[in-house]
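>>> here's my sequence, what's the structure:
(chains A and B)
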Amino acid sequence: MNAPHDPSSVGAVVAQKAQFASPIKLRGGAVLPSFELAYETYGTLNAARSNAVLVCHALNASHHVAGYYENEKDNLGWWDNLVGPGKPLDTRRFFVVGTNYLGSCFGSTGPASVNPATGKPWGADFPVVTVEDWVAAQARLADQLGIERFAGVIGGSLGAMQALQWTLSYPDRIRHSLVIAAAPRLSAQNIAFNEVARQAIMTDPDFHGGHYYEKGVVPGRGLRIARMIGHITYLSNDAMMEKFGRLLRRGALGFDFDADFEIESYLRYQGEKFSTYFDANTYLRITKALDYFDPAADFGGDLTAALARAKAAFLVVSFKSDWRFAPPRSREIVRALLDNRRIVSYLEIDAPGGHDAFLLEDARYHAALRAYFANIDL
Amino acid sequence: MKEEEKALLSARPDLAAIAQWVAPGARVLDLGCGDGALLRYLWQARQAPGYGVEIDDDSVIACVANDVNVIQADLEGGLSLFSDGSFDCVILSQTLQAMRHQEAILREMLRVGREAIVSFPNFGHWSARLQVALGRMPVSESLPYEWYETPNLHHCTVTDFEDLCRKISIRISERLVLHEGRPVTVMPNLLGSLAVYRSTAG
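Just a heads-up that it's a prediction; the model follows:
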């Protein structure tokens, strides 16, 4: 209930939906005859339409970037610490657009939406979507909002991949790309973690090959395990050790298979919570989108050649404690940009939060973003 | 010249020397760039685009605020982010003496750049010699730190530096030795407190 009085909050927000009646052809070849994107906006688009910043979300978030809902005051946007009046991404100056990607379970067209061809939920038939597809859909949203060119596109993790892809898909429609906690492509280890998560979901007896909606069940066990695996990769070993150490839940070892350690209980809780609000078919598709992202693939693995068409100025930020997308992965992007003589700055923040550090309020990180946004001409 | 530039050049006389050696439009890499003041000046005065390399968090943020391209990295790890011959000019101003591996960074500078500009406080200045002769580590305008708080690790003199350049086949094309902002031409290793060199691969 504190949010309404907080002058640095965008306040109560309303999610919106954009309808797109014309088809979109996806990278995998499938065509969606029509689609919807859920989005929110904060601030005001200026007369020159030059102050729009697109915020792209990562794996499990949504278009709800900042503020709260009137009927759900505790439901703060996932990047509320960054976006608001007087915050680093200042909504008094910028028109901020948070968009939900295609295939999501939070309002955009996705596996749980009705397939117009059958009148039933798409389920397993919903196509595999990619980062390129998401960006193409976002460009259609920009068209609808009257935004010819974004002042900036920002994202962390999978969101950063979208911010990078924007500079490649629409080099003339983005002035600044803020690429945070990113990798230019997943490593074998990254893909391996994703595959374990997918297997957890697909081997759940309630998965029914992806057509579980019509059976009235959800593959909750698979989702729980998938989330537990994911969560381990988001935290650094140090952060986990500091938060949980070897703390015991029951004060002593139980010599049974209940959760002995706090970390077990925490993961179980995170998995349980996730399984109540996230859709398994969406999870499968997001992890595929991560696995497939590789702009250098069409250039024989040469990232420098792949990024040659980017025209934007870049801010690349990594976190030293992030082992999922560790700083050397961001440096690959920086190196390719330097080779292309692009405008780029790179920060390597010594924050303890692991991969999730991009969501946290580190003073240096936020000071850098604040300074960067302040220098964007409108 | 703007006030901030005047202030910069009077506070750091080596930067004026460095700036005059940077050709208009040259691509510049400034190692240990601090808050990016030199890069900002080179862009405004010479239209020379560039990048800075800096390790300190506050300095990096200051660079971003100054609208200067900055790459946060440790120079001791080399310049692996930068490709061979990608710069016209690589600058290391008053940082050489604070590094662990002088040879390595000088070689790296001339790998990524056609030309290297290096400045450092001259430990051969008479005041330093005198203080050592009197049994004290020198403290002066160009060597402002007490021995127990100095970031400097490897002090050298004008003669020492030139010996190293010869040893690793670096060709010195120009030298400017300064004291209190003025050039010193007579006995520079004794009368100069700050040395600035312009060099290429030999």
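>>> C-alpha from now on. contacts and neighbour counts both.
Noted.
>>> which stretches in chain B count as strands?
B:28-31, B:50-54, B:69-72, B:87-93, B:113-121, B:170-179, B:182-183, B:194-201 (DSSP state E).
>>> which of these sits most buried?
Among the strands of chain B, the stretch with the highest mean neighbour count (mean count of other C-alpha atoms under 10 Å in any protein chain shown) is strand B:69-72, at a mean of 27.
>>> so does that one get close to chain A?
Yes. If you take C-alpha under 8 Å from any C-alpha of the partner chain as the test, strand B:69-72 does meet chain A, through B:69-72.
>>> report the central residue of the chain.
Picking chain A for this. For chain A, the residue nearest the mean C-alpha position is A:Ala58 (1.1 Å; C-alpha atoms, centre = their mean).
>>> do the same with chain B
Nearest to chain B centroid, counting by C-alpha atoms, centre = their mean: B:Ser93, 1.4 Å.
>>> before we move on, back to that, quick one: which of the strands of chain B has the weakest pLDDT on average?
Note on the strands of chain B: lowest mean pLDDT is at strand B:182-183, with a mean of 92.
>>> circling back: next, format the strands of chain B as a markdown table and append distance to A:Lys215.
Formatted as a markdown table, the strands of chain B follow (distance: least, C-alpha to C-alpha, whole Å):
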| stretch | distance to A:Lys215 |
| --- | --- |
| strand B:28-31 | 63 |
| strand B:50-54 | 58 |
| strand B:69-72 | 53 |
| strand B:87-93 | 64 |
| strand B:113-121 | 66 |
| strand B:170-179 | 76 |
| strand B:182-183 | 86 |
| strand B:194-201 | 73 |
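>>> now the helices for the stretch 51-200 of chain A?
Applying DSSP state H, counting those that start in this stretch to the stretch 51-200 of chain A gives helices spanning A:131-145, A:158-169, A:188-202.
>>> of those, which stretch is the most buried?
Compared across the helices of the stretch 51-200 of chain A, helix A:158-169 shows the largest average neighbour count, a mean of 27 (mean count of other C-alpha under 10 Å).
>>> residue 21: what's it in contact with?
Going with chain A. A:Ala21 makes contacts with A:33-35, as judged by C-alpha atoms under 8 Å, 6 or more residues apart in numbering or on different chains.
>>> chain B was what I was after
B:Arg198.
>>> likewise A:Ser62?
Contact analysis of A:Ser62 by C-alpha under 8 Å, 6+ apart lists A:78, A:98-101, A:106.
>>> from chain B, how far off is A:Glu72?
Relative to chain B, A:Glu72 is positioned 37 Å away (C-alpha to the nearest C-alpha, to the nearest Å).
>>> and residue 154, what is it in contact with?
Picked chain A for this. A:53-56, A:160, A:163, A:177-180.
>>> hm, I was asking about chain B
Per C-alpha under 8 Å, 6+ apart, neighbours of B:His154: B:96-100.
>>> compare the residues you listed and tell me which is most surrounded.
B:Leu96 (24 neighbours; other C-alpha atoms under 10 Å in any protein chain shown).
>>> is it true that that residue touches B:Glu103?
No. B:Leu96 is not in contact with B:Glu103 according to C-alpha atoms under 8 Å; the separation is 9.8 Å.
>>> how close does the nearest residue to the residue nearest to the centre of chain B once chain neighbours are set aside sit to chain A?
Sequence neighbours aside, B:Ser119 is the residue nearest to B:Ser93 in space, at 4.7 Å (criterion: C-alpha to C-alpha, 6 or more residues apart in numbering or on different chains). Separation of B:Ser119 from chain A (C-alpha to the nearest C-alpha): 25 Å.
>>> residues contacting B:Ser119?
B:14, B:92-96, B:194-197.
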